[in-house]
Each structure stands twice: as structure tokens, then as C-alpha cells.
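S.K.: fold the following, please.
(2 chains)
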Amino acid sequence: MKMDRSKMGTVAEGGTRTGRAAGVKPGSYLPIQAEVVDIDVESSNTYLLSLRPMDEEDELVAVNYSPGQFLMVSVFGLGECPISIASSPTREPLQICVREAGRITQGIMAARVGDVLGIRGPFGNGFPVGSMRGKNVLIAGGGSGFATLRSLINYIADDREKFKEVTVVYGARTPQDLYFTSEYGSWQAAKIEVGITVDMMDASWKGNVGLVTSLLAEIDPSPGAAALCGPPMMIRAVAKDLLGRGFIEPEIYISLERHMKCGVGKCEHCTMGRYHVCTDGPIFSYDVVGDLI
Amino acid sequence: MTCASAFILRREDLVPLLEELAETLEVVAPVQVEGEAAFATWRGEALALDDKNPLTSPMEFFLPQKEVLFRYVQYSGRYTFSEDPPRARLIFGMRPCDLRALKVIDGIFGADLPDIPYAGRRRSTIIVALNCTTPGEGCFCRSMGSGPGAEGGYDILLTDLGRGYLVEPGSSAGVYILRAHHRHFEEADPGDIKEKERLLALAGDEIVTRGPSLNPEKIREAIDGVDWEEAGRRCLACGGCSLVCPVCHCFSVLDQGVPDGERLRCRDTCILSGFSRMTGGANPRAALGERLRHWYLDKFVYIPEKTGLFGCVGCGRCTRVCLGEVDRWSLFKEAAE
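M.R.: Numbering: from 1, shown residues only, chains lettered A, B, ... in the order given. The predicted structure follows:
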């Protein structure tokens, strides 16, 4: 299809809106445009992209979200897919962590600084940070699931005195697959206990080897709220371990991943029983989804 | 025209009325398309009103098989988007079951975060419903409480009385249309209303006596007792049931064109194996039996929880198209009354 470029920035016929998208109008499928302003390499197949909405009216998107929420990210011509927000609303810029998985993530990773991506959202419920305040918080991540937890960790670090003991346990396949390694020090400085483990070590690795649950045995976190994201096997193992330590099912929050096309509870791709992961989740408590994962 | 609430449209006046309406609106009506009745834009061809309800439902005009969500044009690395405005449309001959389907979809696409393209089409569509006096063989609308008579949700309601159509407005837009085209209508008398009720009662009895009627509450209970693995072996996973179901609304989104192009929305179905599969390969509903079970659970449990209405309207289309005979009669024998 072809359109007349001389009409750019003006109102064309047929009620056509040009110049910019409709912003974050709920239920609209029009994305807003965001410029890639920075790219960090997190691992061999994972980039951390910093985004800035291009239109002033959309700037609120960059700070108006909760840890645990996600964006529908577009590469025009390839499509749109859900990507969790990796930054904390307490810190600009807005960041997404993208691991190479399919065509669209490849397209996102091919973007260079200055390129434009489409974003819609934020979508989903986010972690219940309000009810986590005043409690011990245990954060357990596995693999690329750690991206959404980094949002929560930095959010807590920036409001640290509102939370009691905060513990992060994180496991990746190899030392090269660990994300956000440059930030662990700042978390520890904020009195967050950080435990890291890998499945397979290499010559340079001096840390833990084994499953995330082995870190839990070592650290022995006090019961409180828990935030989990990772492969289903890891989630099941960690949840079971935490329940044995006195954590209760309604306070174990799990971030789930599903195939999604709309983000607004319509397309039905992400259904899990009666729940839509996009609108009822992606964060569910264990008492709700324990037997579905 | 007086302030009467029911009118008679003579049979010979129907086509002239539609011709007048088609001057300002896109008129959609059941017509013969390749030997089968289907809802399509009416261009003066013979109406297929005496046939059973078309296999393709008029929901196509609210949630099309394929639609352009927006077009994107790239210039200097930035994008310009454009959307098509909804068309002013009149759907003629929509049956009560499909009207109920629309109400269900209103509770999904019109609620929470309303779907903008759907809401736009919904607002710009006039509905002329047709009471079902000649139900099809597989119909069980009476079990689902969605027919054979329409209860609200239309702008104008027609009932075929033989000598003409009984016409009842159901909204201010309907009243406006009747006034604007008043020369086609004459006042109905109380005997016409009685005749409508008689015909609908006959149609209802016909549906009941022809086959077992179903209790949707019993289907809800029966879902857990069905051998879904066995049902999965009979299902060909063709997705035909979802294609014709007026309540099915799953969709997929894809882009066409680089650097300029369009983002398309196409109907999809949870029956297909790749529907829930994630990019990494994990598939939460990998087994066909699980997907079939979800299809029924959605219609008889989840959609009712969300909208207060069953996600099945009793139109019988899924059974008409099923090649594997995985239909509600074989699955839910115990739910028959």
C-alpha cells in the first residue's frame, strides 16, 4: 500500500489521524512511538533497551507504571509482542530487556540508537507493592524472568526503609547469562541480600553452582511476601520450598508468561483457565494459580 | 404515521424499503452466495430470508475475518498512522441467536478496556432483526434462552406473518427509520401481535420436539466428566466450529509491509495447536483434548462468569460444520433433558 507523503503531519481524508498515535488510549491498537536512546548488552543474546516516548503528550508512559507490568512492543512490519518492563518507575529512562527468541525480538534487537519502536501499555496488574510494604520480601528469579524482577528490586531499593528484610536469589544457565551484574553491588549497598547461582560454571566463576532452591537453603529467608519469575519448573520448586519455610500461598506472587496478541483481554491467546494473563495477571498469587502452573 | 408501536410491512414493500435505506447506508442482508445463504452487502439481489439462518453469522460485520487495524507509513525513521472510520451500516435479517451473540460480545469487547474498532462498528450499525419462525434442524436456541423470539438488542424487529412482516421498533434509531420511511408501513392490529406469538410458540415447540433439548447448567457440570482425550481423537482440529460460531472472537494480529504497510487483525481459534504456543516453544494447551475442553469451558463457564450470559447461543452452526462429529450431542448426552 502507498500513501501520499506530502500529507504527512496533516489531517488526511476519511477521519485519518496523522502525525502521532493516539497515545495510551485504553483498548486502542495504535501504539505510541518511542525512540531507542541507549542499548546495553546484558548477555550474548539479551539487550537492555532504553526508550523515550517521542511525543511530549506520551512522556508520562515512561514513569507511569508499576513493577511487574509489561508493554506490547512493535517493530512495524514484523509485529508486536509482550515484553516486561525492566526499569523501575522511580528511575528514568523506561527500559525493556529483550532476549532473542523469535522474529519480533530479533527485530527489536536489530534496532539501533535513534530508531523508533512502537509501544502500547503499560498492561497487566504489576506486583502488589502496596501490600509488600512493611514485610520481608523474597525475590526469586530464573533466566530471562529476572528482567521484570529487576523493576521490583530497583523500586524497593529506592524506597528501602518501607520494607523489612529484602532478599534476591537469581539463577541463570551460565555466568555469561546473568543479567544486570553491574547492579548487584548497588543492591547490596541498599541492604538487599543478593544470592546468585548458575547451572553450569566456567573457569572464571567462583560463586554458587546449582538451583535457586539451594540458595534458599543457604540464606534461609524469613517468611513474608515473595515475588517469583522464571521457568515453571523453577517456580514450582521455589514455591514449594517457600511454603515449607512458613511463607503463605496468598503472599507468593508469580509473574507468568503467555503468548499474547492484544494485551487488553480480547484476543484470548493468553487464557489460563478463567484468567487472562494480560489483564488478570501477569502477577498471580500462588493460591490462585498454584495448580495451573 | 401515528405513535403506534407495531406496523405491517407488505411483502412487496420490503425491497423498495431496502433500496431506500441503501441510499444512505450499507445494507447487509442474507443473500445467496455460491449456492449458500450468507450475510453480504446487499446490491439488489434476491433475499435469502426463507432459508435457515446462514452458516456464516452477521458477526462478521462486527468482528471481520480480516480487518486493517491501522496503516503505518515510515518517513525519516518516524511513523504516521491512519485508521479507517467505521461505516454506517444496516444489518437486515439478524436472527435472535445472533442478536444474543452480539450481546455476549458486548460484554467482552465492549467492556473493561473496550475494543475501539468493535465499539466503532457497534455504534454505527443499525440492526433490523428477524424473529425465527422457521428454525433450522440443529437449532437449540430455546435451551439457551436466546430464541426463537428476540428480546431487545435490535433497532427494528420483524416477524414474518405470511401476508407481510410485523414491524416493531426497539430503539429511537428504529423509530426514526420507521418515521422516515412511513409510507411503507401501516398500523398493525392486536390480531397481528397474537399471530406473532402463535408463530413463535410453534417454532419453539418445533425446536423442542425435533431433538433433545439441552440444559446448559448440566453441560457445565458434564464438562468434567467428558473423555476429552477421546474427543480429541475425533476432532480434526480444523477450527471450522470457531469460524462459524457467532460468539467465538479469538484473533491474531500481524503486520504486512515494510517500511510502509498495515497491521491486520485476523480471526484465530483456540482449537489450533499453535494458538497458545510461546516463541520459546512452550505450549500450555498442547493436547487437542485440552483445547477442546477449553473451548467448551469458555462458552459454558468462563464467558457466563464474565458476561452473565452463556457463550453458546444455540444456533447449531458448530455441529453443521463439524467433520469429526465432536458435537455437543455426542459429548453431553447426559445433559439432555
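
S.K.: would you map the strands across the stretch 101-250 of chain A?
M.R.: For the stretch 101-250 of chain A, the strands defined by DSSP state E, counting those that start in this stretch occupy A:116-123, A:137-142, A:166-172, A:192-198, A:208-209, A:225-229.

S.K.: over to the stretch 1-150 of chain B?
M.R.: B:7-10, B:26-33, B:36-41, B:66-75, B:78-82, B:89-94, B:125-130.

S.K.: in CSV: those strands, plus distance to chain A.
M.R.: Where C-beta positions appear, they are placed from N, C-alpha and C, glycine not excepted. Rendered in CSV, the data for the strands of the stretch 1-150 of chain B read as follows (distance: least, Cβ to the nearest Cβ, whole Å):
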stretch, distance to chain A
strand B:7-10, 34
strand B:26-33, 15
strand B:36-41, 19
strand B:66-75, 4
strand B:78-82, 4
strand B:89-94, 16
strand B:125-130, 17
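
S.K.: what's the closest of those to residue A:69?
M.R.: Of all the strands of the stretch 1-150 of chain B, strand B:66-75 sits nearest to residue A:69, with 22.3 Å by Cβ to Cβ.

S.K.: tell me what angle the closest one forms with strand A:116-123.
M.R.: When axes from the mean of the first three to the mean of the last three Cα atoms, to 10 degrees is applied, the directions of strand B:66-75 and strand A:116-123 differ by 130 degrees.

S.K.: output strand B:66-75 as CSV - backbone C-alpha positions only.
M.R.: Coordinates of the C-alpha atoms in strand B:66-75 are reproduced here as CSV (Å, rounded to 0.1, in the frame of the first residue of the first chain):
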residue,chain,number,x,y,z
LYS,B,66,-9.7,-9.9,8.5
GLU,B,67,-9.5,-6.2,9.1
VAL,B,68,-6.9,-3.4,9.0
LEU,B,69,-6.3,-2.1,12.5
PHE,B,70,-4.2,0.7,11.1
ARG,B,71,-1.8,1.6,8.4
TYR,B,72,1.8,2.7,9.0
VAL,B,73,3.9,4.9,6.8
GLN,B,74,7.5,5.4,7.6
TYR,B,75,9.3,8.7,6.8
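
S.K.: pretty sure residue B:48 contacts residue B:34?
M.R.: No. Judged on Cβ atoms under 8 Å, residue B:48 makes no contact with residue B:34 at a distance of 12.0 Å.

S.K.: who in the stretch 101-250 of chain A is up against chain B?
M.R.: Where proximity means Cβ under 8 Å from any Cβ of the partner chain, the interface of the stretch 101-250 of chain A facing chain B comprises A:101, A:102, A:104, A:105, A:114, A:115, A:116, A:118, A:232.

S.K.: quick check: the two most widely separated of the residues you listed?
M.R.: When those are compared pair by pair using Cβ to Cβ, the farthest-apart members prove to be A:114 and A:232, with a separation of 38.1 Å.

S.K.: which one's more surrounded, those two?
M.R.: When residue A:114 is set against residue A:232 and neighbours are counted by other Cβ atoms under 10 Å in any protein chain shown, the residue ahead is residue A:232, at 14 against 9.

S.K.: can you pull the contacts of the more buried one?
M.R.: Residue A:232 makes contacts with A:293, B:282, as judged by Cβ atoms under 8 Å, 6 or more residues apart in numbering or on different chains.

S.K.: in the stretch 51-200 of chain A, which spans are helices?
M.R.: A:103-109, A:129-132, A:146-157, A:184-189 (DSSP state H, counting those that start in this stretch).

S.K.: please identify the most buried of these.
M.R.: Each of the helices of the stretch 51-200 of chain A was assessed for mean neighbour count using mean count of other Cβ atoms under 10 Å in any protein chain shown. The highest is helix A:146-157, with a mean of 25.

S.K.: coming back round to it: could the residues of the stretch 101-250 of chain A next to chain B be laid out in CSV, adding pLDDT and distance to residue B:250?
M.R.: As requested, those are exported to CSV (pLDDT from 0 to 100; distance: Cβ to Cβ, whole Å):
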residue, pLDDT, distance to residue B:250
A:101, 91, 22
A:102, 91, 20
A:104, 95, 20
A:105, 95, 23
A:114, 96, 37
A:115, 96, 32
A:116, 96, 30
A:118, 96, 23
A:232, 92, 24
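
S.K.: show me which of these is closest to residue B:253.
M.R.: Distance ranking of those against residue B:253, using Cβ to Cβ, places residue A:104 first at 11.1 Å.

S.K.: can you show me the CA trace of stretch A:224-242 as CSV?
M.R.: Output in CSV follows, covering the C-alpha atoms of stretch A:224-242 (Å, rounded to 0.1, in the frame of the first residue of the first chain):
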residue,chain,number,x,y,z
GLY,A,224,7.0,-12.6,54.2
ALA,A,225,6.0,-11.7,50.6
ALA,A,226,7.7,-13.4,47.7
ALA,A,227,8.0,-12.4,44.0
LEU,A,228,8.8,-15.2,41.6
CYS,A,229,9.5,-15.2,37.9
GLY,A,230,11.2,-17.9,35.8
PRO,A,231,10.7,-21.3,34.2
PRO,A,232,7.6,-23.2,35.5
MET,A,233,9.9,-25.9,37.0
MET,A,234,11.8,-23.4,39.0
ILE,A,235,8.6,-21.6,40.1
ARG,A,236,7.1,-24.9,41.4
ALA,A,237,10.3,-25.8,43.2
VAL,A,238,10.8,-22.4,44.8
ALA,A,239,7.1,-22.0,45.8
LYS,A,240,7.2,-25.4,47.4
ASP,A,241,10.4,-24.5,49.3
LEU,A,242,8.9,-21.2,50.5
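
S.K.: buried residues, stretch B:176-189. List them.
M.R.: For stretch B:176-189, burial by neighbour count (16 or more other Cβ atoms under 10 Å in any protein chain shown) applies to B:177, B:178, B:181, B:184, B:185, B:186, B:188.

S.K.: for stretch B:33-45, same thing?
M.R.: For stretch B:33-45, by 16+ other Cβ under 10 Å, it's B:37, B:38, B:39, B:40, B:42.

S.K.: contacting residues around the fourth one?
M.R.: When you say that, I think you mean residue B:40. By Cβ under 8 Å, 6+ apart, the residues touching residue B:40 are B:28, B:29, B:30, B:31, B:33.

S.K.: so what secondary structure elements neighbour the longest helix anywhere in chain B?
M.R.: The helix that spans the most residues within chain B, counting by DSSP state H, is helix B:190-210. With contacts defined as 3 or more Cβ pairs under 8 Å, 6 or more residues apart in numbering or on different chains; DSSP states H and E, the secondary structure elements packing on helix B:190-210 are helix B:141-144, strand B:156-160, strand B:164-169.

S.K.: would you map out the domains in chain B?
M.R.: Domain assignment of chain B by automatic domain parsing yields the ranges B:7-210, B:216-335.

S.K.: nearest to residue A:227, of the ones you listed?
M.R.: domain B:216-335 (21.0 Å).

S.K.: check whether the closest one comes near chain A.
M.R.: Yes. Domain B:216-335 comes into contact with chain A (Cβ under 8 Å from any Cβ), by way of B:249-255, B:257-263, B:265, B:268, B:270, B:275-280, B:282, B:284, B:294, B:297-298, B:301-302, B:305.
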